[in-house]
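Peer 1: Mind looking at a prediction? Sequence and model below.
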Amino acid sequence: MLEAAHIHDDEYFSHLVNEDIDRIILDLKEIHRKDSTSAPEVSVAQQMKKDLDEVANFKGSRLEKQMILYCKQLQIDYRKLTEEEFRWFIRILKKSKLYKGGGRGR
């Protein structure tokens, strides 16, 4: 029983060092959380899914939904666009080779 309860010196010091390293890593992660080279809190895929879900619930034409999605990706608050800016943005999107007119989308 005493042998089973005995902790080897190597295991004990290894455990202490690992705890110290874990604390240091967590501190470094917290310090560098806002750095431009750090990974974002939310992945690009998660953000895109969130944006697509929000756009799907928007009441408007397919072109307006595309415009809102582009605004979200460019971090433009589409609600702050003037009526004229909104119309110009729509006109610009219509020049895209991907725009197929008023046809039905999938």
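Peer 2: All right, it came through fine.

Peer 1: Could you check how far Tyr99 is from Phe58?
Peer 2: Taken as Cβ to Cβ, to the nearest Å, the spacing of Tyr99 relative to Phe58 amounts to 18 Å. To be clear about C-beta, it is placed using only N, CA and C from the backbone, and glycine gets the same treatment.

Peer 1: which residues of this structure score low on pLDDT?
Peer 2: Applying pLDDT under 70 to the chain picks out residues 1-6, 38-42, 100-106.

Peer 1: Show me the domain layout of it.
Peer 2: Using automatic domain parsing, the domain parsing of the chain gives 2-31, 44-94.

Peer 1: Among those domains, show me which one is buried the most.
Peer 2: Across those, averaging neighbours per residue (mean count of other Cβ atoms under 10 Å) puts domain 44-94 on top, at a mean of 13.

Peer 1: roughly how far is the helix or strand containing Leu16 from the heart of the chain?
Peer 2: Leu16 belongs to helix 9-31 when assigned by DSSP states H and E. Offset of helix 9-31 from its chain centre (Cα atoms, centre = their mean, to the nearest Å): 30 Å.

Peer 1: Just the CA trace of it, in CSV.
Peer 2: This file holds the C-alpha atoms of helix 9-31, laid out as CSV (Å, rounded to 0.1, in the frame of the first residue of the first chain):
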residue,chain,number,x,y,z
ASP,A,9,10.6,12.4,-7.6
ASP,A,10,10.6,12.6,-11.4
GLU,A,11,6.8,12.5,-11.6
TYR,A,12,6.4,15.1,-8.9
PHE,A,13,8.8,17.6,-10.4
SER,A,14,7.4,17.0,-13.9
HIS,A,15,3.9,17.7,-12.6
LEU,A,16,5.1,21.0,-11.0
VAL,A,17,6.9,22.1,-14.2
ASN,A,18,3.9,21.3,-16.3
GLU,A,19,1.6,23.4,-14.1
ASP,A,20,4.0,26.3,-14.3
ILE,A,21,4.2,26.0,-18.1
ASP,A,22,0.4,25.8,-18.4
ARG,A,23,0.0,29.0,-16.4
ILE,A,24,2.6,30.8,-18.5
ILE,A,25,0.9,29.7,-21.7
LEU,A,26,-2.5,30.9,-20.5
ASP,A,27,-1.0,34.3,-19.5
LEU,A,28,0.7,34.7,-22.9
LYS,A,29,-2.5,33.8,-24.6
GLU,A,30,-4.4,36.4,-22.7
ILE,A,31,-1.8,39.1,-23.2
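
Peer 1: Many thanks, have a good one.
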